[in-house]
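Visitor: I need the structure of the sequence given here:
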Amino acid sequence: MLAADLWQSPGSYPVLTLCAPEHRDLADDDLIYYARLDAVDGVAPKGLIALHVPDMYEAFYLDTRTGLNEGEYPILRFDHNDGSYTHFADSFALFLETLVRRT
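Guide: You can find the predicted model right below:
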């Protein structure tokens with residue numbers, strides 16, 4: 001996951017990463033910051049970890065509910081318009097590849 005801080009999505013929102021603990025409460029690109037927000041707001045079901053939140057229309061989550069599949073968690077796309085979660089990619093690498101191809 002540390003490679004996540006090397007990649008930027010199309011636009012200005014980075015793929016979430018882990019920042020230093022002393023900056024975590026103010027870092028809007030931190031995985032733990034988003035996990036805490038989701039827990040308080042009840043946005044994502046338990047077992048989903050925010051990975052990329054590019055805008056107010058969609059968000060992407062690691063799905064840890066079914067465990068690892070060949071060392072990877074699948075990625076789900078959340079559609080804020082209809083509240084649905086759909087499969088997006090089988091791995092983090094495929095997630096990045098798919099984002100790059102969208103542009």
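
Visitor: Next, the buried residues of the one helix or strand residue 33 maps to.
Guide: Under the criterion of DSSP states H and E, residue 33 resides in helix 31-41. Buried residues in helix 31-41, counted by 16 or more other Cβ atoms under 10 Å: 31, 32, 33, 34, 38. Using the backbone N, CA and C atoms, a C-beta is placed for each residue, glycine as well.

Visitor: Looking at those residues, spot the one nearest residue 94.
Guide: residue 31 (19.0 Å; Cβ to Cβ).

Visitor: residues in contact with the closest one?
Guide: Applying Cβ atoms under 8 Å, 6 or more residues apart in numbering, we find residue 31 in contact with 1, 16, 17, 18, 49, 50, 51.

Visitor: ok, it to residue 22 distance?
Guide: Residue 31 is 16 Å from residue 22, where distance means Cβ to Cβ, to the nearest Å.

Visitor: how close does the residue in the chain sticking out farthest from the centre sit to residue 88?
Guide: The outermost residue of the chain relative to its centre, with distances by Cα atoms, centre = their mean, is residue 22 at 21.6 Å. As judged by Cβ to Cβ, residue 22 and residue 88 stand 33 Å apart.

Visitor: mind listing what residue 56 touches?
Guide: Residue 56 is in contact with residue 80, counting by Cβ under 8 Å, 6+ apart.

Visitor: Looks like residue 33 contacts residue 21 (just checking).
Guide: No - applying Cβ atoms under 8 Å as the test, residue 33 and residue 21 come out as separate, 10.9 Å apart.

Visitor: Show me the residue sitting in the middle of the chain in space.
Guide: Centre-nearest of the chain using Cα atoms, centre = their mean is residue 51, 1.3 Å out.

Visitor: and that residue, that one's in a strand?
Guide: Yes - under DSSP: H, G, I helix; E, B strand; the rest coil, residue 51 sits within a strand.
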